[in-house]
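Visitor: just the structure for this:
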Amino acid sequence: MFQSIRWRIAIPYVILFMLVMTGLSLYISDFIYHTELNELESKLTSEARLLGGTLEQRIIGEFPSHGLDVLAKEWSDDLGVRVTLIAADGEVVGESNEDRATMDNHLQRPEIQQALHEGMGRSIRFSRTLGADMLYIALPVVKDAEVLGYVRLAIALDQIEAKVSSLRKTILTGTLIATILAILLGVVVAEYTTRPLRDLAKTTQHISLDAHSDQLIPTTVDEVGQLAGAINAMRVQLRAQYGRLDTERKKLVAVLKQLSDGVMIVDEMGKVQMVNPAAQRMFSVKEGDALDRSLPSVVRHHQIIDLWRKCLESGENQVTSLEVPGKHQIFQVEAIPLVHTLPGSVLLVVNDLTHLRRLETVRRDFISNISHELRTPLASLKALAETLQESALDDPPAARRFLNRIEAEVDALSLMVQELLELSRIESGKVPLELKPVPPQDLLTSAIERLQLQSENSGIQVQLHCPADLPLVLADPPRIEQVVVNLLHNAIKFTPAGGNITLSAESSEDIILFSIKDTGSGISAEDLPRIFERFFKADRARSGGGTGLGLAISHHLVEAHGGRIWAESLEGHGSTFYFTIPVVA
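Guide: Below you'll find the predicted structure:
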C-alpha cells in the first residue's frame, strides 16, 4: 500500500488526525476525571472537618470503646459516604458499613499516616471489602493538642469513572465519524495530486525498458511538467555519460582479467569490494565467496592483514614479501591507499615472484653446475699439460698415457658441448621430428639391448613387461629410444648390484604410459622437483659422472612429442620414471 504515493500522502494525514483526536479525547477525559475527583476530595475534606469538630465536643478523654457505630451510621446516611472512626492507636471504634470487629488495625493505612504527620490524609486504592476503587480522606481529632483519634470518610469512584467512560464513548464516536470523512477527503486529494506523477512514472518506466529509445516524457505547465522537462534533459546527459563509463568499465575489466598480478580493493571496514581473476587463483577463492567478506577470511595471511592495517593507519604505501607455506609460493604485496578516488579504501597489488625466484635459483645453480663440470676437466687438462712439459715428454710410455687422458677429457668436454647444443636446438624447435607409427615394445627392447652389457657388468637384472598388442605410438624412434636409454642408464648407475630394473608400458585412453622402475637409492623429496633441470645432480659431490643433461634432454624430447614426463621416488626405496606418448589416431 505504501508503495503508492497517494497512500503515502493520505494515510499519514489520517493517522495524524486520529492521533490528535485520540490525544484530545484522553486529555479531556483525564481533565474531567481529575476535576471531579478534586471537587469530591474538597467536599469530603469539608465534611470530615465538620465531623471531627463534632467529635471534639462530644468526646471526653479518649474515644469510647462502644457506641460509635451508631453515630458513624447516622453520619453515613446523612452524607452518603462510608464513615470510619479510628482511635489514636489505630483500632477501629466506629464503622458505618462493615463489622468493625472483623477489621484489622488501621494505624498503618496511608491516609492515617499522612493525617498523623501532615494534618490531613488522602489515598485512592482498591477496597477488597467493597470491591471497588475508593477515595479515602482522613483527619485527626485533636483536643488540647492531643490526637484522640481519626475520622475517615470514603466514597467509591465508580460514579466518576462512569461519567468519564460515557464522555470517552461520545468522543470516540465523533472521532470515528471524523476519521471516515478525513479518509475520504484524503483519498480524493491524494488521487488528484498524484495522477500527473503516476503518468510521469509510467512513461519513465516505459523508457527505462528501452535504454536506446528516443521517446521523451510528455510535459505539462505545472511543477510536474518542469520535473518531466528536467528528466528529459538529464536522460540525454546520462546516456552520454553512461556510454563513456561503460567503455571505461569494459577497458578496466579487460585489463584486470588479463593482469597477471592479483588486485584487490578493501574498504575501511576490512571488507573485500573487488578481486580480479589473478587474485582469485592466488588465494584459491571465487569472486562470489570473496566479495563483501572480511579480508582475513579471504587471504588467510596475517602479513597481508598487517600490511592493510598499516596502510590504513599511515595513509602511505606499504610493501611486504611473504612465502606461502606448503605451496612454495613467494608473493610481493603492495598496499596503496585510495585517498582521492575511494577514501578509506586500500588497493592491494599481489605480485607472484615464485617463477622469477625459481628462475633465479635455476640460473644460479646452472652457472654453478656448469662451472663445476668445466672446472674438473680443465684442471685435469692443465695438470696433464704441465706434467708433459716438465718431464713426461722424455718418457714415451708416460707421455702416451697422459695424451690418452687428455684425449678422454677433451672427448668429455666435446660430449658436454654437443649435448648442450642438442638441448638448445630441441628447446628452440630446430630439431625436426620424423614421426611414424612405432610399436611401444620396440622402443623399450632396443634400449635394453644397447645397455645390456652395462647392466650385466653391474650385476643388475633388467625385466620387460610390455604387451605385444598395445596400440602403436606416433614417435620419432631414435629420439624416444634416446629418452629410454637416458632413464635406463640412470637407473643402472644408481641401483646397487643384485638390484632389479623393470621397464613397462601400458595403454591409458589415447596415450601409452611408459615406466622405468628401479630398486636403487631413490631421490630425496627436496631434489625431486628439480631433477629435470640442466646440470642438476642429486649427488651433491658430483661423483657419479655424467654431464647432468640427460634428464633435461629427455624432458624436452617427450614434450616435443606431445607427452609428459615425471618421476616418483622415496629416498632409500628406489625410483620410478614415467613418460607418455600419444597413440596413433
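
Visitor: do a quick rundown of the strands in the stretch 1-150 of the chain.
Guide: 82-87, 92-95, 121-127, 132-143, 146-156 (DSSP state E, counting those that start in this stretch).

Visitor: okay if I get those strands as TSV plus distance to residue 262 and mean neighbour count?
Guide: Where C-beta positions appear, they are placed from N, C-alpha and C, glycine not excepted. Shown next, in TSV, are the strands of the stretch 1-150 of the chain (distance: least, C-beta to C-beta, whole Å; neighbours: other C-beta atoms under 10 Å):
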stretch	distance to residue 262	mean neighbour count
strand 82-87	90	25
strand 92-95	92	23
strand 121-127	76	15
strand 132-143	77	20
strand 146-156	84	21
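
Visitor: just put the ones you listed in JSON lines and tack on distance to residue 576.
Guide: JSON lines is the format used below for those (distance: least, C-beta to C-beta, whole Å):
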{"stretch": "strand 82-87", "distance to residue 576": "112"}
{"stretch": "strand 92-95", "distance to residue 576": "112"}
{"stretch": "strand 121-127", "distance to residue 576": "97"}
{"stretch": "strand 132-143", "distance to residue 576": "100"}
{"stretch": "strand 146-156", "distance to residue 576": "107"}
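
Visitor: out of these, which is closest to residue 181?
Guide: strand 132-143 (37.2 Å; C-beta to C-beta).

Visitor: so residue 171 sits against residue 25, correct?
Guide: Yes. Residue 171 lies in contact with residue 25 (C-beta atoms under 8 Å); the separation is 3.7 Å.

Visitor: and residue 243, what element?
Guide: helix 223-258 (DSSP states H and E).

Visitor: for that helix, packing partners?
Guide: helix 158-209 (3 or more C-beta pairs under 8 Å, 6 or more residues apart in numbering; DSSP states H and E).

Visitor: how far off centre is the helix it packs on?
Guide: 47 Å (C-alpha atoms, centre = their mean, to the nearest Å).

Visitor: quick revisit: helix or strand right after the helix holding residue 243?
Guide: strand 262-266.

Visitor: who does the longest helix belonging to the chain touch, helix- and strand-wise?
Guide: For the chain, the longest helix by residue count, based on DSSP state H, is helix 5-58. If you count contacts as 3+ C-beta pairs under 8 Å, 6+ apart, helix 5-58 packs onto strand 132-143, strand 146-156, helix 158-209.

Visitor: quick one: secondary structure of the closest residue to residue 566 other than its chain neighbours?
Guide: Leaving aside its chain neighbours, residue 566 sits nearest to residue 578 (5.6 Å; criterion: C-beta to C-beta, 6 or more residues apart in numbering). Using DSSP: H, G, I helix; E, B strand; the rest coil, the structure places residue 578 in strand.

Visitor: quick check: the gap between residue 578 and residue 436.
Guide: 23 Å (C-beta to C-beta, to the nearest Å).

Visitor: okay, those two: which has more neighbours?
Guide: residue 578 (18 against 12; other C-beta atoms under 10 Å).

Visitor: who touches that one in this structure?
Guide: 513-515, 565-568 (C-beta atoms under 8 Å, 6 or more residues apart in numbering).

Visitor: go again with 10 Å.
Guide: Counting by C-beta atoms under 10 Å, 6 or more residues apart in numbering, residue 578 touches 487, 504, 513-517, 558, 563-568.

Visitor: out of those, which are buried?
Guide: 487, 504, 513-517, 558, 563, 565, 567 (16 or more other C-beta atoms under 10 Å).

Visitor: now distance to residue 344 and secondary structure too, for these, in JSON lines please.
Guide: Converted to JSON lines, the buried ones among the contacts of residue 578 look like this (distance: C-beta to C-beta, whole Å; DSSP: H, G, I helix; E, B strand; the rest coil):
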{"residue": "487", "distance to residue 344": "60", "secondary structure": "helix"}
{"residue": "504", "distance to residue 344": "63", "secondary structure": "strand"}
{"residue": "513", "distance to residue 344": "56", "secondary structure": "strand"}
{"residue": "514", "distance to residue 344": "59", "secondary structure": "strand"}
{"residue": "515", "distance to residue 344": "59", "secondary structure": "strand"}
{"residue": "516", "distance to residue 344": "61", "secondary structure": "strand"}
{"residue": "517", "distance to residue 344": "61", "secondary structure": "strand"}
{"residue": "558", "distance to residue 344": "54", "secondary structure": "helix"}
{"residue": "563", "distance to residue 344": "53", "secondary structure": "coil"}
{"residue": "565", "distance to residue 344": "52", "secondary structure": "strand"}
{"residue": "567", "distance to residue 344": "52", "secondary structure": "strand"}
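
Visitor: next, give me the two most distant ones among these.
Guide: Taking C-beta to C-beta, no two of the buried ones among the contacts of residue 578 sit farther apart than 517 and 563, at 18.1 Å.

Visitor: what does the model give residue 466 for pLDDT?
Guide: Per-residue pLDDT puts residue 466 at 91.
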